[in-house]
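# Take a look and give me a structure for this.
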Amino acid sequence: MHSTIEHTDEDETKLCEVSKHPFGIVSLYVGSFFGILAGLGLVFFMLPAVIEDTDQALTIALVLAVVLIVLAIVVLSLATLVYRQSRIIVTDRNITQILQYSLFSRKVSQLNMVNVEDVTSVQNGFLSTMLGYGELNIETAGEQSNFKFTYCPRPGYYAKVILNAREKILGQQDGDARIRPNSTTRR
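The predicted structure follows:
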C-alpha cells in the first residue's frame, strides 16, 4: 500500500479526481506551431543568401528543419506530460492538490475537508464558458494556503462536490447535536 500524501487512505472514499482541461495546453501548441513556421522560414529563406552553393544550402536547411521539428515534438511531449500530472483528488475527508511545475518540480498539498471555508467557481470569457473550463478556488481559514486550480473542467460541478462533502463531514462531527431535517420528535 502506498503511504504518501498523494494516495487515499483505506478508510477514505474517493469522490473524484480532477485533471486540467485540455485547452490549457493549446496555447503552447499554437505558439510552438508559429515558432516552427518562423524557424523554417528563416532556415529556408536566409540560408541560401548566406551560402552560395544552392544544393549545399538546401541540404543544410533540410537537416536544420528536421532537427527543429524533432526538438519541437520532444519539448511539446514533455510539456504535455508535465501539464497532465497536475490534478486535484477529492475524498470524503481530504482534498489533495498536485501541481506539477516541471519534470523535476512538483508541489503536493493536502487540506482536511473540515478546514474548507468556501469554494468558488470562476469562468471568465467566451472560450472558458463555451468549452466548460475555469478556475476552482478553495478557501481555508487561518494561515493555511488556499487552493487555486486553473483550467478546471466543469468547475461549478466540482465546487458542488467539495461543498457537499464538507457539509457531510461537518454533519457527522456535530452528531446528534444538530436536528436533522427528516427526523420527527415525539412529545
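
# contacts and neighbour counts: CA atoms only from here.
Noted.

# The chain - how does it break down into domains?
25-82, 90-175 (automatic domain parsing).

# which of these is buried the deepest?
domain 90-175 (a mean of 17; mean count of other CA atoms under 10 Å).

# Which parts of this structure are helices?
For the chain, the helices defined by DSSP state H occupy 23-50, 54-85, 126-131, 155-174.

# Including distance to residue 147, could the ones you listed go into TSV?
Shown next, in TSV, are the helices of the chain (distance: least, CA to CA, whole Å):
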stretch	distance to residue 147
helix 23-50	18
helix 54-85	16
helix 126-131	20
helix 155-174	12
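
# so which of the domains of the chain gets nearest residue 14?
domain 90-175 (4.2 Å; CA to CA).

# Does the least confident helix or strand in the chain by mean pLDDT pack against any helices or strands, and if so which?
In the chain, the helix or strand scored least confidently by mean pLDDT, DSSP states H and E is helix 23-50, which has a mean of 87. Here helix 23-50 touches helix 54-85, going by 3 or more CA pairs under 8 Å, 6 or more residues apart in numbering; DSSP states H and E.

# what's the offset of the helix it packs on from the middle of its chain?
Offset of helix 54-85 from its chain centre (CA atoms, centre = their mean, to the nearest Å): 26 Å.

# Now do it, average pLDDT.
The predicted model assigns helix 54-85 a mean pLDDT of 90.

# on that earlier part again, any chance of a markdown table for the domains of the chain, columns distance to residue 19?
Output for those, formatted as a markdown table (distance: least, CA to CA, whole Å):
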| stretch | distance to residue 19 |
| --- | --- |
| domain 25-82 | 12 |
| domain 90-175 | 7 |
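
# so which of these gets nearest residue 16?
domain 90-175 (5.3 Å).

# With respect to residue 138, which of the helices of the chain lies nearest?
Nearest of these (CA to CA): helix 155-174, 8.3 Å.
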